[in-house]
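Visitor: I'll drop the sequence and a predicted model, then ask my questions.
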Amino acid sequence: MSHSPIPYVLGRRIGMGTYAEVFHATSRADGSVVAYKRAKEGDPAAVKRLRREVKVQGLLDHPNVMPVLDSDLERAWFTLASQAGCQVVLSIPSLRGESMRRAEPTKSSASAETPSDGR
C-alpha cells in the first residue's frame, strides 16, 4: 500500500530518544514551523508508545504541556508547536558530570548494594 507524502517538509533532526525522533518541520499547507515527532522505523513497540503518547497528550490541558497540532496514528507521527530558533522542543533534566558508565561505585554505594550477610 502506497502512502501519500507527509504534509510536512522535514528539516534537521533536533532530538532522538528511545522510541522516536524529533525534527524541525514546515507545513506544506501553510508554511508554519512545527516539531515533527515520529516513531523509529521497524519498531512495533515504538509505534505503540507513540500512539499512546498522542492519545494521552490529547487529554491534557495545561500551559506546560505542548498540545498536539496534527497526527497520523496509522503512520505513527505527530506535530507540536515550535518556536523559531528553538533548540530543544522536548526536554528532560540534564545533569552535569561524568558518564555513569565510567563512574566507579563509591564505598557507601557499594555497601548499600551488598547485603550485610555477604550474599
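Guide: Done, it's in. Residues are numbered from 1 along each chain as shown.

Visitor: Low-confidence ranges, this structure, go.
Guide: Applying pLDDT under 70 to the chain flags residues 1-3, 83-119.

Visitor: Need the single longest helix in the chain, by residues.
Guide: helix 44-59 (DSSP state H).

Visitor: Now the element after that one, going C-ward?
Guide: Going down the chain from helix 44-59, the next helix or strand is strand 68-72, by DSSP states H and E.

Visitor: Number of residues surrounding Gln57?
Guide: Gln57 has 15 neighbours, counted by other CB atoms under 10 Å. Quick note: C-beta positions are derived from backbone N, CA and C, even for glycine.

Visitor: Helices of this structure, residue ranges please.
Guide: With DSSP H as the criterion, the chain has helices at 44-59, 107-113.

Visitor: picking that back up, now for the longest helix of the chain, which elements pack on it?
Guide: strand 20-27, strand 33-39, strand 68-72, strand 77-81 (3 or more CB pairs under 8 Å, 6 or more residues apart in numbering; DSSP states H and E).

Visitor: got those strands as TSV, with mean neighbour count and distance to His62 columns?
Guide: As requested, these are exported to TSV (neighbours: other CB atoms under 10 Å; distance: least, CB to CB, whole Å):
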stretch	mean neighbour count	distance to His62
strand 20-27	20	20
strand 33-39	22	18
strand 68-72	17	13
strand 77-81	21	14
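
Visitor: Save the ones you listed as JSON lines, and put in distance to Ala46 too.
Guide: As requested, the helices and strands packed on helix 44-59 are exported to JSON lines (distance: least, CB to CB, whole Å):
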{"stretch": "strand 20-27", "distance to Ala46": "6"}
{"stretch": "strand 33-39", "distance to Ala46": "4"}
{"stretch": "strand 68-72", "distance to Ala46": "15"}
{"stretch": "strand 77-81", "distance to Ala46": "11"}
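
Visitor: can you tell which of the ones you listed is closest to Lys48?
Guide: Ranking the helices and strands packed on helix 44-59 by proximity to Lys48 (CB to CB) places strand 33-39 first, at 8.5 Å.
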